[in-house]
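Participant: Here is a sequence with its predicted model. Questions after.
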Amino acid sequence: MAAGNGVRQALSAGTQRVFFALWPGARVRAELAQAARRMQRVLRGRRTRDDSIHLTLAFIGEVDVDILPRLLAPPAGVFTPAFLLTLDNWGSWERNGIGWAAPSRIPDPLRDLAANLEGWLRGAGFELELRTFAPHVTLVRKAQYAPLPDSMMRIAWQVNEFALIHSQLAPDGARYRMLRAWPLKRGA
Ligand code: 2AM
């Protein structure tokens, strides 16, 4: 598949599956991992590995490795101020069996960061899915659909950076590796 500017997103040798995401630090990761365990008791399914917990900003998919350098150079216009993200909602989607944690209110800089990335990537010729940005952290897959207890989730995540992540698909769940992280604007 060739996109407008000649960027190839295809399954072939020499490709990598990548996406932009928020990657939590140790404390937030531990809190989300604990929430995942509580969630799994209700929904069953398979928990996200603790070291793979993230929030996707823009999913790109398979790209030729030789265009990776372009993804490793986000332009200045992408960057927003750092922000506080409060994950105070959790639930599951029946359609895809995902159990998630999410903010009940999306902070403007998060919405802007995702929109800026999307605009940059589309402008650079990458084909992204046309789906509304619904920020969430996937905690359980193959989950049953069941109500979760109210008010069990409140995680304060100070977001100071975003990252490009490499995804390696495996039968027991994808493995993720951070390729690079960029600091957001501080003290704005
Ligand atoms: P999900 O957790 O809701 O499945 C890596 O696969 C990350 O990119 C996951 O967080 C996944 O969201 C997200 N993602 C978004 N679009 C995707 C797609 N088309 N295929 C796979 N993952 C996608």
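Facilitator: All right, it came through fine. Residues are numbered from 1 along each chain as shown.
Participant: W157 is in contact with P24, isn't it?
Facilitator: Yes. Between W157 and P24 there is a contact under CB atoms under 8 Å: 6.3 Å. Bear in mind the C-beta positions are built from the backbone N, C-alpha and C, glycine included.
Participant: And the strands in this structure?
Facilitator: Counting by DSSP state E, the chain has strands at residues 15-22, 46-47, 55-64, 83-87, 89-93, 98-102, 137-141, 155-159, 161-168, 175-183.
Participant: Check what pLDDT the closest residue to F19 other than its chain neighbours gets.
Facilitator: Nearest residue to F19 in three dimensions, chain neighbours excluded: F59, at 4.4 Å (CB to CB, 6 or more residues apart in numbering). Listed pLDDT for F59 reads 96.
Participant: Tell me, how many residues neighbour F59?
Facilitator: 15 (other CB atoms under 10 Å).
Participant: Start the count at 41 instead of 1 going forward.
Facilitator: OK, 41 is where the count begins now, so the last one is F99.
Participant: R57 is in contact with that one, correct?
Facilitator: No. F99 lies out of contact with R57 (CB under 8 Å); the separation is 9.3 Å.
Participant: Quick check: residues of the protein near the ligand?
Facilitator: Residues of the chain lying close to the ligand (CB under 6 Å from any ligand atom) are 59, 96, 99, 138, 169, 178, 207.
Participant: Show the contacting residues for the fifth one.
Facilitator: The contact partners of E169, by CB atoms under 8 Å, 6 or more residues apart in numbering, come to F99.
Participant: okay, it: pLDDT?
Facilitator: Reported pLDDT for E169: 83.
Participant: for it, phi and psi?
Facilitator: phi -70, psi 140 (degrees, to the nearest 10).
Participant: tell me the contacts of the spatially closest residue to F173 that is not a sequence neighbour?
Facilitator: Sequence neighbours aside, A154 is the residue nearest to F173 in space, at 4.7 Å (criterion: CB to CB, 6+ apart). A154 sits next to 97-98, 173, 175 when contact means CB under 8 Å, 6+ apart.
Participant: Likewise for A73?
Facilitator: A73 neighbours (CB under 8 Å, 6+ apart): 90, 93.
Participant: can you check the one 4 residues further on too?
Facilitator: If you count contacts by CB under 8 Å, 6+ apart, R77 has them with R87.
Participant: Same check on A183?
Facilitator: 79-80, 83-85, 132, 137-139.
Participant: try 7 Å
Facilitator: 83-85, 132, 137-139 (CB atoms under 7 Å, 6 or more residues apart in numbering).
Participant: do the same with Q80
Facilitator: 87, 180.
Participant: repeat for the one 4 residues further on
Facilitator: Listed by CB under 7 Å, 6+ apart, the contact set of R84 reads 183-184.
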